[in-house]
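> Fold the following and give me the result.
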Amino acid sequence: MKKDTLDAHVHLGPSDEWLPYVEPSIETKSVINSMERHDIKKAIVFPNPCVGDKYPEMNDHIAEAVDEYPEKLIGFGRVDPRRGEEALKEVERCVKLGLRGIKLHPFVETFRPDHPNFEILFDTIYEKDLLLLPHTGDGFSSPGLWKKVLEERKDMCIILAHLNEGCISVAEGYENVFVDTSGTRVYLLEYAVEKIPNKIVFGSDYPYLNYEVQKTVIEAADISEEQKRKVFVDNLKSVLER
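Predicted structure coming up:
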């Protein structure tokens, strides 16, 4: 295992009850302890899913965690895009809190990224030079829906979560689109390395997913040690230093 792994995808803090089979609420110290056990040098952390009007409180929680562990945590805020002006103001406040990016979940927050109502939100995120980390999957979370956002903001920096074929296709077409490995399969990782070797970053999706399993996917792949180093460390380091 790489001793200086960087993790692009960690949930932190309390969560609303939204899944019957998992309680993802987790305290800062528990995250830090898990990172240390699994040789995670630094991680991007953001709020768990909550009702939209709770996100300001949760964003404060993230900022406080980063202040306590600045050498270990990189803070991203979270907003509910459907809240219009409130969401815009919260993005502005996230900047003042010193957070580096915004986490969005089109499925949980029930919005389509390509809907014109959200243009101003994406303009604000782009103008503030914030990183963007959206969940990807099916339906509203389809990676292809981000193409419209990117066509108008071609150098916007996005880390698409949960490496899949759609993510690879989008990342091939845009210079500053990256993909995190959380929840992916070995064969998809190997395919991605052929297509976008410098755009794959390690993501655990902790505590929803297991650190041992997520790191083992990388170690088990038939890719070079140099490429594993890129996934575990170098690619995300280049994003954070941009």
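
> Strands of this protein, start to end?
Ranges of strands within the chain are 5-12, 40-47, 73-78, 101-104, 131-134, 158-160, 177-180, 200-201, based on DSSP state E.

> can you map out the helices along this protein?
Read by DSSP state H, the chain holds these helices, from start to end of the chain: 28-37, 55-68, 85-96, 119-127, 146-151, 165-173, 186-195, 211-220, 225-229, 235-240.

> Out of those helices, flag the one nearest residue 13.
Taking CB to CB as the criterion, residue 13 comes closest to helix 55-68 out of the helices of the chain, the separation being 4.6 Å. Bear in mind the C-beta positions are built from the backbone N, C-alpha and C, glycine included.

> C-alpha coordinates for that closest one, PDB please?
The C-alpha coordinates for helix 55-68 follow below in PDB (Å, rounded to 0.1, in the frame of the first residue of the first chain):
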ATOM      1  CA  TYR A  55     -26.000  22.400   4.600                       C
ATOM      2  CA  PRO A  56     -24.700  25.700   6.000                       C
ATOM      3  CA  GLU A  57     -24.400  24.100   9.400                       C
ATOM      4  CA  MET A  58     -22.700  21.100   7.900                       C
ATOM      5  CA  ASN A  59     -20.300  23.300   5.900                       C
ATOM      6  CA  ASP A  60     -19.300  25.000   9.100                       C
ATOM      7  CA  HIS A  61     -18.600  21.600  10.500                       C
ATOM      8  CA  ILE A  62     -16.300  20.800   7.600                       C
ATOM      9  CA  ALA A  63     -14.500  24.100   8.000                       C
ATOM     10  CA  GLU A  64     -14.000  23.500  11.700                       C
ATOM     11  CA  ALA A  65     -12.600  20.000  11.000                       C
ATOM     12  CA  VAL A  66     -10.100  21.500   8.500                       C
ATOM     13  CA  ASP A  67      -9.000  24.100  11.000                       C
ATOM     14  CA  GLU A  68      -8.400  21.300  13.500                       C
END
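
> In JSON lines: the helices of the chain, plus distance to residue 104, mean pLDDT and mean neighbour count.
Below are these laid out as JSON lines (distance: least, CB to CB, whole Å; pLDDT from 0 to 100; neighbours: other CB atoms under 10 Å):
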{"stretch": "helix 28-37", "distance to residue 104": "21", "mean pLDDT": "98", "mean neighbour count": "16"}
{"stretch": "helix 55-68", "distance to residue 104": "11", "mean pLDDT": "97", "mean neighbour count": "19"}
{"stretch": "helix 85-96", "distance to residue 104": "10", "mean pLDDT": "97", "mean neighbour count": "17"}
{"stretch": "helix 119-127", "distance to residue 104": "9", "mean pLDDT": "98", "mean neighbour count": "18"}
{"stretch": "helix 146-151", "distance to residue 104": "10", "mean pLDDT": "96", "mean neighbour count": "18"}
{"stretch": "helix 165-173", "distance to residue 104": "15", "mean pLDDT": "97", "mean neighbour count": "18"}
{"stretch": "helix 186-195", "distance to residue 104": "22", "mean pLDDT": "98", "mean neighbour count": "16"}
{"stretch": "helix 211-220", "distance to residue 104": "21", "mean pLDDT": "97", "mean neighbour count": "16"}
{"stretch": "helix 225-229", "distance to residue 104": "29", "mean pLDDT": "97", "mean neighbour count": "14"}
{"stretch": "helix 235-240", "distance to residue 104": "17", "mean pLDDT": "97", "mean neighbour count": "19"}
